[in-house]
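# Dropping a prediction and its sequence here:
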Amino acid sequence: MRGRSYRRRSWLALLLTTALVPGLAQAQWQIDAERLIEADAETHNWLSHGRTYSEQRYSPLDAIDRDSVQRLGLAWYRDLGTRRGLEATPLVIDGVLYFTGTYSEVIAVDGRSGKILWRNDLDVDRTRAKFMCCDVVNRGLAAWGNKLFVGTMDGRLVALDPQNGRIIWDTLTIDLDRPYSITGAPRVVDGKVLIGNGGGEFGVRGYISAYDADTGEQLWRFYTVPGNPEEGFEAPILEKAAETWGDGPWWEIGGGGTVWDSMAYDPDLDLLYIGVGNGSPWNKHVRSPGGGDNLFLSSIIALDPDTGDYVWHYQTTPGDGWDYTATQHLILATLEIDGRPRDVIMQAPKNGFFYVLDRETGELLSAENYVPVSWAKGVDLQTGRPIETDNDYGEGPVYQFPSPMGGHNWQPMCYSPDTGYVYIPARQLAMIYRRDADFEYEPAFWNVGMDVMKDITVPPWMDADLVKKVGSAMAQGFLLAWDPVEQKAVWRANAGSPWNGGALCTGGDLVFDGTGRGDFRAIDAHSGDILWSFDAQQGIIGSPVTYAIDGEQYVSILVGWGGAFGLSFGFASNTVEEPSTQGRLLTFKLDAIGQLPPIRREQRVPEPPPRKASDATVDKGNTLYHQYCVYCHGPRAITHPNIADLRTMDADTHRDFLGIVLAGSQAEQGMPGFSDTLSRDEAVAIHAYLIELGHQELDRIRGEGSAWQQFKHALYSAAAWCVGLLVDFMEWFKNAGG
């Protein structure tokens, strides 16, 4: 089934761009199997998502090294006109950067100057943003032949002409009646474009598909969880998998298991590796009341890339009930283990353990926790299974490490063959899990039994400063150098935020990363010393790349705060009081002296409408807001400036509040309507709660808070300080060998 053509204005923009830019991308390039297999030899390029099929994200370029990095400066920047999260890894092919922005837009820029060569918004259906749990992001592109490939938020796989961005073919990969989306980057193996999807939080059945790179025709599809047994199984392995799901009916919600991010390919073994996501719903007692491992949730699977046939699997979290996905970055390498070289696949999934597997057989070679873990004591190397603690939230709430954000999330690791270390963008963050006895599946919205602090709302007296202090005390983030042979930490470079960018390893003995506080850093790969940093003016979650033009090395990074944690907890992003809201591509080289423009933004807090609602209505609005709105707009409506601050809505927004929330009058701006989820009275209650927050914010600015409010603020600030002190003590005790 073909998707829609993009809007006429996109054609006009492309035609005008082609006409006005002399010699626009005149060079024809061809990417074939040989070039991708030998990509490491093309040191000036970045041909695929992880640079090579091994996904090591290591570049041999070494002009920028531990000695010269102090001379690194901003060569150019390009404003992209977006205020949402930027997660993509650019491709670099013969001096041109190709990357994706928000809402699945594709952009090409000149790698030397930053000049935009073309951009195409692909006419995506922005109303499907309500089916994207974690921001309207996209992680990148694939290249094959003379085409670029991108997966879109509305479930299409699109082939583009790299010279001008025009669509060559456009294929729908999902059932639009189900809440699927795509945020991950495709991969290509021997002319087959591989793409998965997201939607596990909303109720879908996961799969990965292969499409012909020339025509867009579907070649095969591998489902990661079984469907309704009465309808038969698509493959014999799914019949066996169904035995691990009990009596069902898991298929009514979907089961989950989406392949929403990582893949890797071994051309010698001709094996494709995929990471599989969480169950749908999260609550395993609802999803599979009879218990069971629920294959292939939270698993690494090896497939035959020609046919999609199953080869082997390893499940990291049997019967996952905590959103411990195994979709995190997969890296292929050869390590010396027990005195002999072993071809391995490595992963640091959400569950907190670092796994090393034989990539031909799937045999578990080693596994150790790389962050604090409370759900399991370790991993049994004989059975390959975790040794679980008493962590079942079936009878009550459980406070557990890691949180659903994981010890490591989608942000890519990198591996340096020079040091032998893997560099993990890691975090320490806990979560309270509880079972919702009144759970009912609502396919229209995100209510599939996550059971995560579901009916715990933020007290109305908690102000912005306190939320920031509590968030800082309870969350830590850092780049972790990990020895995969010894299975131990070597060093960690604290990032000051639990939500940071991906890592890049280089032949200059450097690791580059970006932090949620807006620092783009160069770190000594051996010692962890921060050798250089640049203030990017807002939080970074993208992944850097390096390339060369005429022998000169460049480093580029997309800057734009957002993503899952970035939306819900924008307060953790930046120490700057007023961070920039401009999404940008920054590019650096030696001896450059460029600067970013100063941030100029006036903060205005308009007078909100009068308080007319009852306390009961405001309390109801508090509950509803933190059930439906918090994931994008943050607790107590405190989020990053990239997202509208609902405490400071203007008069027009207040007047059209019901039209925005229920009718979707701002759907094209990324705010879909929720008339199929919220009643009018519920929307009115949310509005009343936000009006109350607006008055409290004005009172805070004017210093008009009551003495009781000030006392409670001081009391809970002290409590937050004590929590922070306890966290620091525990960290000191751990490092001291206690």
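Yep, it's here. Residues are numbered from 1 along each chain as shown.
# so residue 586 is in which element?
strand 584-590 (DSSP states H and E).
# List the pairing partners of that strand within its sheet, with orientation.
strand 72-79 (antiparallel), strand 552-559 (antiparallel) (DSSP bridges).
# contacts for the very next helix or strand once past the last one?
Next helix or strand after strand 552-559 toward the C-terminus (DSSP H and E): helix 563-568. Residues lying outside helix 563-568 but in contact with it, judged by Cβ atoms under 8 Å, 6 or more residues apart in numbering, are 85, 87, 133-135, 137, 405, 409, 498-499, 516, 539, 541, 572-573, 630-635, 639-640, 643. (Each C-beta comes from the backbone N, C-alpha and C, glycine too.)
# for stretch 224-240, same thing?
With Cβ under 8 Å, 6+ apart, stretch 224-240 has contacts from 205-208, 221-223, 241-242, 245, 248-251, 254-259, 274, 276, 294-297, 299, 301, 309-310.
# for it, what is the average pLDDT?
Mean per-residue pLDDT for stretch 224-240: 96.
# For residue 617, grab the count of nearby residues.
18 (other Cβ atoms under 10 Å).
# helices or strands next to the helix or strand containing it in the packing?
Residue 617 is located in helix 615-628, with elements delineated by DSSP H and E. The contact analysis (3 or more Cβ pairs under 8 Å, 6 or more residues apart in numbering; DSSP states H and E) places helix 615-628 against helix 680-702.
# follow-up on the earlier one: could the strands paired with strand 584-590 go into TSV alongside mean neighbour count and distance to residue 662?
Converted to TSV, the strands paired with strand 584-590 look like this (neighbours: other Cβ atoms under 10 Å; distance: least, Cβ to Cβ, whole Å):
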stretch	mean neighbour count	distance to residue 662
strand 72-79	19	34
strand 552-559	25	34
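# nearest to residue 283, of these?
Nearest to residue 283 among the strands paired with strand 584-590 is strand 552-559; the distance by Cβ to Cβ comes to 35.2 Å.
# what sits up against the closest one?
Against strand 552-559 from outside (Cβ under 8 Å, 6+ apart): 61, 63-64, 72, 75, 86-88, 90, 92, 97, 99, 111, 501, 504, 512, 514, 518, 520, 536-538, 540, 542-548, 583-590.
# So which of the contacts of helix 563-568 sit within helices?
Secondary structure from DSSP state H places 630, 631, 632, 633 of the contacts of helix 563-568 in helices.
# tell me the strands in the stretch 51-200 of the chain, going along the chain?
58-59, 72-79, 91-93, 96-100, 106-110, 116-120, 142-144, 147-151, 156-160, 167-172, 187-189, 192-195 (DSSP state E, counting those that start in this stretch).
# Looking at these, spot the one closest to residue 42.
Comparing the strands of the stretch 51-200 of the chain by Cβ to Cβ, strand 91-93 comes nearest, at 9.1 Å.
# residues making contact with that closest one?
So strand 91-93 is in contact with 29, 31, 44-49, 97-99, 111, 140-143, 148, 162, 545, 547, 556, going by Cβ under 8 Å, 6+ apart.
# Show the low-confidence segments of this structure, by residue range.
When residues are selected by pLDDT under 70, those of the chain lie in 1-27, 395, 442-474, 568-578, 601-604, 640-642, 704-738.
# Which residue ranges of it form helices?
Under DSSP H, the chain gives helices at 8-20, 33-37, 236-242, 284-287, 464-474, 563-568, 615-628, 630-633, 651-655, 657-658, 680-702, 707-735.
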